[in-house]
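Undergrad: With the sequence up front, the predicted model follows.
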Protein chains: 4
Amino acid sequence: MSEFQRPIRLGMVGGGNDAFIGAVHRIAARIDGQFDLVAGALSSTPTKAQASGDALGLAPDRTYDDFKSMAIREARLKDGIEAVAIVTPNYVHMAAAREFLKRGIHVICDKPLTSTMTDARKMAQAVEKSDALFVLTHNYTGYPLIRQAREMVAAGDLGNIRVVQVEYPQDWLTEPEDNKQADWRTDPARSGAGGSTGDIGTHAFNLACFVTGLTPESLCADIQSFVEGRQVDDNAHVMLRFQEGARGMLWCSQVAPGNENGLKLRVYGTKGGIEWEQENPNVMRHTEFGEPTRLLTRAGAGGVGQLEHLVRTPGGHPEGYLEGFANIYLEAATCIRDKQAGRYTEDDSVLPGLKEGLMGMRFIDACVRSSARDAAWISLT
Amino acid sequence: MSEFQRPIRLGMVGGGNDAFIGAVHRIAARIDGQFDLVAGALSSTPTKAQASGDALGLAPDRTYDDFKSMAIREARLKDGIEAVAIVTPNYVHMAAAREFLKRGIHVICDKPLTSTMTDARKMAQAVEKSDALFVLTHNYTGYPLIRQAREMVAAGDLGNIRVVQVEYPQDWLTEPEDNKQADWRTDPARSGAGGSTGDIGTHAFNLACFVTGLTPESLCADIQSFVEGRQVDDNAHVMLRFQEGARGMLWCSQVAPGNENGLKLRVYGTKGGIEWEQENPNVMRHTEFGEPTRLLTRAGAGGVGQLEHLVRTPGGHPEGYLEGFANIYLEAATCIRDKQAGRYTEDDSVLPGLKEGLMGMRFIDACVRSSARDAAWISLT
Amino acid sequence: MSEFQRPIRLGMVGGGNDAFIGAVHRIAARIDGQFDLVAGALSSTPTKAQASGDALGLAPDRTYDDFKSMAIREARLKDGIEAVAIVTPNYVHMAAAREFLKRGIHVICDKPLTSTMTDARKMAQAVEKSDALFVLTHNYTGYPLIRQAREMVAAGDLGNIRVVQVEYPQDWLTEPEDNKQADWRTDPARSGAGGSTGDIGTHAFNLACFVTGLTPESLCADIQSFVEGRQVDDNAHVMLRFQEGARGMLWCSQVAPGNENGLKLRVYGTKGGIEWEQENPNVMRHTEFGEPTRLLTRAGAGGVGQLEHLVRTPGGHPEGYLEGFANIYLEAATCIRDKQAGRYTEDDSVLPGLKEGLMGMRFIDACVRSSARDAAWISLT
Amino acid sequence: MSEFQRPIRLGMVGGGNDAFIGAVHRIAARIDGQFDLVAGALSSTPTKAQASGDALGLAPDRTYDDFKSMAIREARLKDGIEAVAIVTPNYVHMAAAREFLKRGIHVICDKPLTSTMTDARKMAQAVEKSDALFVLTHNYTGYPLIRQAREMVAAGDLGNIRVVQVEYPQDWLTEPEDNKQADWRTDPARSGAGGSTGDIGTHAFNLACFVTGLTPESLCADIQSFVEGRQVDDNAHVMLRFQEGARGMLWCSQVAPGNENGLKLRVYGTKGGIEWEQENPNVMRHTEFGEPTRLLTRAGAGGVGQLEHLVRTPGGHPEGYLEGFANIYLEAATCIRDKQAGRYTEDDSVLPGLKEGLMGMRFIDACVRSSARDAAWISLT
């Protein structure tokens, strides 16, 4: 990993004190020294925005009460931010992103794309009109072994893909929610129509597509709100069809006691299979049909392709969630610099962006609509 | 485990040389000394039947060319068989079982019940008319930790069940079949309409019902025959609904490279969850919501109920597939002796039998019909 | 696995009601149909001997009050026992085995060989003078993957062996004992000078030698009796040197909470390493240096050599402790038949016997003496 | 985790381009925003020192050719460094640290303390004379679950400790070395008398002491250099005695194929046991004797004490090696600020420092001397 470049000036929208994902973005941006956080509209509550800016050591005049003022002023500053991380509840994503995109400020946005399909379409317009980069932090795609899995599938190591099993069980919403994290995530007005489907199902769906390179064709879903009074789904069973003929299943749940963050992907083809679990992300099982299963390790023997830039420590020195997340920021930094240098083309990057975000929105929407129609198949194309 | 009783005289239909499941039944019958194999119609090919009888040390006059002759003569013998194990391909189950049932000989029959729904109805009539016992070897219900799971659910340890995830991946049919085991299992005339659904899906479905005690309401399925030219399914994705409100997913596959015999059950309720995998059956994860996961071990700390009779070795001395299978035979022996002593009532036993067999047939049939109707919901009641 | 042969007539010394290991031997003898238990001196208490014989269905006239009467009478019977299993506390092994050996009855004896070195020498004489077979049930050598490990080492797959790590932690004696199993095992008069070293350390030591084929040269040991008042060791730390230059460590403990029966062997050579744990014996890790670790499974891909006769079920259908134990009996049956047919030579078998038993006794003795001399090196040759 | 404070100005000695541990220290210092790297003497080769400084964005006038010039000038600067990280080969530690310590600059030094006992004593004097903080990066003590283990032992959850098993196998030196990392680590002049004992054995030994709080009394060791021509040990077998009566074993190896970085600690007491492995550091097994084993997870249920400041992500979002390392830096930052504010007392911190460093040096020395005397016991007090 090189450590050569001037850090990119970064702003943040959302992520005030006690927001979980904001702190994660800040660490991910900082870990490789590629970004300097210099401005923020950290909360929609002005006093909290100010206090949060202080806590992060932001200059008072770069701590803003709202994202629009921030976008306007930063765009004018000589040393204004070059990129912004948007880490608000979903319903704010579009409005915030739009302000920065239209001023040419690169956007790194938390997933899912937006809270509604309408917003998603507006976001698409904003991204398409802008020359700035738009990155969606489907952070699990940043794990080195996930990259290796993708390369192995692309290289044909698994043959033609037949079956894709992806799941993402958690248990933190097993009982009625009573904290800030749960609060907005279970409010359709702020989170969107999907509960577990939006918060974690989109990750699972994205990961399956990212690794397999398959094109989702349709899905049928049976979603539930098991906890009484909950307005969004907390469990979803989904069957998937891909255009290439593969079939899949997706399960996401926030009411599965004993599961902290159990994202797991399994892919099977005519020639072999792979299995990977996020909670121990430094190892991946690979079986060539008829041969013993091999344990591929991050940075260990059996690696493929050009992944060195995504690895900070040798095998056996585990990297985790934050390093995977940081890989998204690391590659975003490279893209931003390429953009600034006029040498960026979209093919250079596998970073999730608008396309993946729209697909995620279609996924949520299809789950909700399919379930409302007793698990009818809904097209994803 | 007691070792007190005179062994029960057992016959066998099917299970000639190189049949896999016949040898398993014989070991399961022998391991606890509760049965003596004394007669057999081991193959539909007379020379092979004779050679197989010789190999097993059966008396020549108790080695039969066909099951009907065997049933007739053994029923008349003073020391004729008291029970018979039927381990033929599925399409023979009904005709064979009927001959013994109507002569009062207890039947231990391999699953699934039959190859067709018509046969299943005939089997039901034969069982209902007979006073003899009918046991279906859903052997995975014999694992001690599966019994413990069932008792824990029944005792309310998991609260109200919400989600049931069961899967059964294998890989041995990843490529076109070329052996005897695969041969009849992929021939609808001998195996029935279901491929993976019949051979392993029924096990998975039965296990989910056995442990949870839930009543299946309906399912929708998307089944596939991935290997070209295969006439039955080799992969099935199924969504389940239970009358009590729980939802479930079932995946079975014979084309998932890296999976030898990966039956796995996970059950989640309002108060906790359990997870168990057949390939390492001596441990079960149990999480009371909000508490650390506990590893319950066979015969170890944390056991519940009256399971001692199903355990031969202390914790840490692993028991496996054959011991689980043997537990079915062990309990069948108890039931047979209770029958003989006139003290048997159906409530005394949790052994799978006709009811479970019919439910399994409905499962296969519903999977095939649902899939033919683009994954429409099919009632299981 | 063939099922052809007339069962061998077996007697048993020890193993009365509620003895753990006696029941294990009986199942191991029965599981493959190679032995018929027909006589026994099951307890040193006559009423219990009789009750135990009844419970096992032995003929009253073949239930003996003591092993000597049994040996004398059975040797004279036309259909007398051909082999005897000795499953008493250690201090009885020699006297019992001698009576049978001198009458040409094959002996299958539980480990360790005897309780004292003096007895061990007498046992050696008795075995050497007899033409009968003497098998010591170091049952862990019967696991198929242990056989595979041995073959891999012998074939040079691991290169020259450098390091051998073997351990055998249990926790059942963490607190002062209060049951029959613990009773004699912690009494030096009945068990011998070694506690954990004799009961489980000998297994660990034997397994390390069995797999590596190395010749133990010397050891130094630090043994402890952690539980107050205990007269034998309940924990032992041992360093090993082998003549070929390899070094090893052995740890056995009965006071390690959380360990049920944690026998584990790891072997490392110039070209690769293997790791195997008894509690999940159906998988073994193998790493060729510089390559990803492979998971070799019992009866799965990556198998070597001629092990089919030791495997009853396909991969993924776990076999366990009893099947491993049964493999010792299965091979003993073959040896006995070869003996009877005059075609037996010692090289035909890898079964542990006198030589391994004597080495185990030297191991116990060396541990005790080394520890008494502050962990001085004691020769094992 | 708070993010409030002005970053501490940090310098670095060693850690030029392609040094492994230097990059790790920089990430660990950066991840929580507590340090700013502003000066460096990054290589003993001036051109490389300069190039490395450039690569890291250091100001040219704060990129030094040698640590002494750096210490002198930085001590005089108004905004000079407040702390320095020393990440050179071992033989440079003392001389470098001394220059900073005597100028009141806090030192964060890689382990082991020095390369020789003579240097260790000089280091002790330098530390004792200085008012500056001296932290030794035994980074594995920074893992949250290791802290929890320490607290559990201290709280008596395990009862009186009896047995400590610690091991640290790697495989990267299985064959003759041919890279920079291996180069100095296998040269006694630069690394010290210990090979594996110094590089990884000291970590294992430190971790055992850190968690148990026991006082090492003596050890006996059998160390080896398996690879021909290697001048330092690459495998060590060690038996440990603690003053409180506990016994232990330590194994470290760099020639164990299949092990990347297998640090593992197991501690057993009268009331329970714990087991933890570095390669999957987010889970720890805990068994209260007689109860099922519990899986304690980082930031999950079952946590104890005040560890929140060492945790950045919720349970199931794995943290790894870098976060554990960063925890050392995070606490060092707190200590430095406390020092600067005049409120620091040694009892406030569990950070490893001089005492642990000296104990590690005694460990290496005792291993080498014990082995030279055929594994005689050597006092550690």
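TA: Nice, thanks for sending it over. The shown structure was predicted, so the numbers you read here are calculated from the model rather than taken from an experiment. Numbering: from 1, shown residues only, chains lettered A, B, ... in the order given.
Undergrad: For the helix or strand where A:Tyr268 lies, buried residues please.
TA: A:Tyr268 belongs to strand A:264-269 when assigned by DSSP states H and E. Neighbour-count burial for strand A:264-269, counted by 16 or more other C-beta atoms under 10 Å in any protein chain shown, picks out A:Lys264, A:Leu265, A:Arg266, A:Val267, A:Tyr268, A:Gly269. C-beta: built from backbone N, CA, C; applies to glycine.
Undergrad: farthest-separated two in those?
TA: Pairwise distances across the buried residues of strand A:264-269 (C-beta to C-beta) peak at 17.6 Å, for the pair A:Lys264 and A:Gly269.
Undergrad: what's the helix or strand hosting A:Glu151 packed up against?
TA: Counting by DSSP H and E, the element that carries A:Glu151 is helix A:144-154. Judged by 3 or more C-beta pairs under 8 Å, 6 or more residues apart in numbering or on different chains; DSSP states H and E, the packing partners of helix A:144-154 are helix A:202-212, strand A:264-269, strand A:272-277, strand A:283-288, strand A:293-297, helix A:321-340.
Undergrad: Let's see that with 6 Å instead.
TA: With contacts defined as 3 or more C-beta pairs under 6 Å, 6 or more residues apart in numbering or on different chains; DSSP states H and E, helix A:144-154 has these neighbours: helix A:202-212.
Undergrad: Just checking: what are the partner strands of the helix or strand just after the helix it packs on?
TA: Downstream of helix A:202-212, the first helix or strand assigned by DSSP H and E is strand A:216-224. Each strand paired with strand A:216-224, and its direction, by DSSP bridges: strand A:235-242 (antiparallel), strand A:378-379 (antiparallel).
Undergrad: deepest of the ones you listed, which one?
TA: strand A:235-242 (a mean of 26; mean count of other C-beta atoms under 10 Å in any protein chain shown).
Undergrad: Show me the contact partners of that one.
TA: Outside of strand A:235-242, the residues within contact range by C-beta atoms under 6 Å, 6 or more residues apart in numbering or on different chains are A:196-197, A:201, A:214, A:216-224, A:226, A:247-253, A:255, A:367, B:163, B:222, B:237, B:239, B:249.
Undergrad: can you give me the offset of it from its chain's centre?
TA: Put simply, strand A:235-242 sits 19 Å off its chain's centre (C-alpha atoms, centre = their mean, to the nearest Å).
Undergrad: Give the next helix or strand downstream of it.
TA: Next helix or strand after strand A:235-242 toward the C-terminus (DSSP H and E): strand A:247-253.
Undergrad: Tell me the buried residues in the strand or helix carrying A:Ala71?
TA: Element membership for A:Ala71, per DSSP H and E: helix A:67-76. Buried residues in helix A:67-76, counted by 16+ other C-beta under 10 Å: A:Phe67, A:Lys68, A:Met70, A:Ala71, A:Glu74.
Undergrad: do stretch A:9-28 as well
TA: Buried residues in stretch A:9-28, counted by 16+ other C-beta under 10 Å: A:9-17, A:19, A:21-28.
Undergrad: Endpoints of it, how far apart?
TA: For stretch A:9-28, the first and last residues are 14 Å from each other (C-alpha to C-alpha, to the nearest Å).
Undergrad: That stretch - what's its average pLDDT?
TA: The average pLDDT within stretch A:9-28 is 92.
Undergrad: try stretch A:183-196
TA: 88.
Undergrad: got the CA positions of it in CSV?
TA: Provided in CSV are the C-alpha atoms of stretch A:183-196 (Å, rounded to 0.1, in the frame of the first residue of the first chain):
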residue,chain,number,x,y,z
ASP,A,183,-35.6,4.4,15.5
TRP,A,184,-35.2,5.7,12.0
ARG,A,185,-34.5,2.3,10.5
THR,A,186,-38.0,1.2,11.4
ASP,A,187,-39.7,4.3,10.3
PRO,A,188,-40.8,4.1,6.7
ALA,A,189,-40.8,7.9,6.3
ARG,A,190,-37.1,8.0,7.0
SER,A,191,-35.9,4.6,6.0
GLY,A,192,-38.2,3.8,3.1
ALA,A,193,-40.5,1.0,2.4
GLY,A,194,-38.0,-1.7,3.3
GLY,A,195,-36.9,-2.6,6.8
SER,A,196,-34.5,-5.5,6.8
